[in-house]
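**Student:** next come a sequence and a model predicted from it.
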Amino acid sequence: DAKTTQPPSMDCAEGRAANLPCNHSTISGNEYVYWYRQIHSQGPQYIIHGLKNNETNEMASLIITEDRKSSTLILPHATLRDTAVYYCIVRVGELIFGQGTELSVKP
Amino acid sequence: DAGITQSPRHKVTETGTPVTLRCHQTENHRYMYWYRQDPGHGLRLIHYSYGVKDTDKGEVSDGYSVSRSKTEDFLLTLESATSSQTSVYFCAIRGYEQYFGPGTRLTVT
């Protein structure tokens, strides 16, 4: 699986958009970009995934660059309950988790 | 948690004793997974299964065995628990996406 690089931590003000970046410069053509998050002590939760088009669901938006070497997860109106570790994963098979980004949403 | 349960949720055991953790799903999914999570390491894949009696190793499989005799159950066994296996263990299933159970906190003293 291709490796991903994410900042270890980020802060975001409540009500503002949270933009979480991910670099995956060695991604191959058949690998999808997945985002999961893990709220303290709970199991990881699926957020969104995409191949090359931008995607949006009720939780977030995923923006993938045209060359697919990086992506951004956008939480449009972050709340305190969005405080979690966010994992960016590229895969065609099993999920391999990195260290993720610890997002702190502050009042 | 998408029809996944894990048992027990917490367990304390002594070094050298056998331990079995159970993952149960009600979704009838073919793929099931066991991960462990430790501070500073994130989630690491131990074993996975792609069908009844079909299993394969993940990145940290040493010291663990698994069995899948029914679609709904995936068992993780530590034949002789060691302190290095103190961890939080997560089971997951894969349908449209991968869904995780609530976790089992295992302490080996």
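**Tutor:** That came in fine, so what should we check first?
**Student:** and the pLDDT at A:Gln45?
**Tutor:** Predicted confidence (pLDDT) for A:Gln45: 94.
**Student:** distance check, the nearest residue in space to it that is not next to it in sequence against B:Phe100.
**Tutor:** Closest residue in space to A:Gln45, ignoring its immediate chain neighbours: A:Arg37 at 5.5 Å, by C-beta to C-beta, 6 or more residues apart in numbering or on different chains. No exception for glycine: its C-beta is placed from N, CA and C like everyone else's. Taking C-beta to C-beta, to the nearest Å as the measure, A:Arg37 falls 11 Å from B:Phe100.
**Student:** distance from the chain centre to stretch A:69-84, please.
**Tutor:** Offset of stretch A:69-84 from its chain centre (C-alpha atoms, centre = their mean, to the nearest Å): 7 Å.
**Student:** buried stuff in that stretch?
**Tutor:** The neighbour-count check on stretch A:69-84 (16 or more other C-beta atoms under 10 Å in any protein chain shown) flags A:70-75, A:78, A:82-84 as buried.
**Student:** pLDDT value on B:Pro39, please?
**Tutor:** 84.
**Student:** ignore what I typed, I meant A:Leu95.
**Tutor:** 82.
**Student:** report the contact partners of the nearest residue to A:Pro107 once chain neighbours are set aside.
**Tutor:** Nearest residue to A:Pro107, sequence neighbours excluded (C-beta to C-beta, 6+ apart): A:Glu14, at 5.3 Å. Contacts for A:Glu14 (C-beta atoms under 8 Å, 6 or more residues apart in numbering or on different chains) come out as A:78-80, A:105-107.
**Student:** B:Lys57 now?
**Tutor:** Neighbours of B:Lys57 in contact, by C-beta under 8 Å, 6+ apart: B:His47.
**Student:** and it, backbone torsions?
**Tutor:** Taking degrees, to the nearest 10, you get phi -90, psi 150 for the backbone angles of B:Lys57.
**Student:** need the three-state assignment for the closest residue to chain B within chain A.
**Tutor:** Closest residue of chain A to chain B, C-beta to the nearest C-beta: A:Gly43 (3.1 Å). Assigned state for A:Gly43: coil (three-state reduction, DSSP: H, G, I helix; E, B strand; the rest coil).
**Student:** surely it meets B:Gly103?
**Tutor:** Yes. Contact between A:Gly43 and B:Gly103 holds when scored by C-beta atoms under 8 Å: they sit 5.6 Å apart.
**Student:** now do the shared contacts for the two.
**Tutor:** Common contacts of A:Gly43 and B:Gly103 (C-beta under 8 Å, 6+ apart): B:Phe90.
**Student:** and chain B, which of its residues are near chain A?
**Tutor:** Within chain B, the positions near chain A by C-beta under 8 Å from any C-beta of the partner chain are B:1, B:33, B:35, B:42-45, B:48, B:58-59, B:90, B:92, B:97-103.
**Student:** among these, which ones are in strands?
**Tutor:** Members of these lying in strands (criterion: DSSP state E): B:33, B:35, B:42-45, B:48, B:90, B:92, B:98-100.
**Student:** return the member of these nearest to chain A.
**Tutor:** B:Phe100 (3.1 Å).
**Student:** show me the beta-bridge partners of A:Tyr32.
**Tutor:** A:Arg91 (DSSP bridges).
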